[in-house]
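Trainee: The following comprises the amino acid sequence and a computationally predicted model.
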Amino acid sequence: MSTREPSDDGPTGDGATDDGRRPLPALLPPVLLGLAVLLVLQMIGLALAALLHLPIPGVVLGLVLLVILGLVPRTRGILRVAEPAGTPLLAHLQLLFVPPGVGVVVEMGALARNALPIALAVGGSFLLALLVVGRVLQALLHRQDRRRGDDGHQRLEGSGA
């Protein structure tokens, strides 16, 4: 006689239910199921971008949808299902930069013709981001000092400077 306790995978211990059928997630390996989840989210994002005529790539919308699903407590299980596929993809993320790199080399002529606007856009966005982050940091530090009840001078005097 076996004293084995029943498990979640059915009385036979092989994942089958009483009638011999396996639940759907047990039919697919975890990595394949995770890839299916990621591809479904990508397809939903592509469909949203096409239907709503959004200037955002559908793949980005799919990633935003994945993040939103991770923030909602009831749908966090979707992230756990997608994780076995996402972990190896993140481990080899550098390979995903090869196609854009090839695209840059192929379009080198167009990039050279538009070098000034591209440089201004990249430099301007960098400068703007730097200024915004600096202002936000200053505001947060000022707010932290007000909460402590000092104006920042005590920090310098207390450090021996």
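Mentor: Sure, I can see it. Remember, predicted model here, so these are calculated numbers, not experimental data. Numbering: from 1, shown residues only.

Trainee: Tell me, please, the helix or strand in the protein that averages the lowest pLDDT.
Mentor: helix 153-158 (a mean of 53; mean pLDDT, DSSP states H and E).

Trainee: could you give me the average pLDDT of the host helix or strand of A110?
Mentor: With secondary structure defined by DSSP states H and E, A110 is part of helix 108-113. Average pLDDT, helix 108-113: 91.

Trainee: And for it, what's in contact with it?
Mentor: V104, I118 (Cβ atoms under 8 Å, 6 or more residues apart in numbering). All C-beta spots, glycine's among them, are computed from the backbone N, C-alpha and C.

Trainee: ditto for stretch 86-98
Mentor: Contacts to stretch 86-98, defined as Cβ under 8 Å, 6+ apart, come from residues V31, G34, L38.

Trainee: ok, of these, which come out buried?
Mentor: G34, L38 (16 or more other Cβ atoms under 10 Å).

Trainee: Closest one to I56 out of the contacts of stretch 86-98, please.
Mentor: Nearest to I56 among the contacts of stretch 86-98 is L38, at 17.9 Å by Cβ to Cβ.
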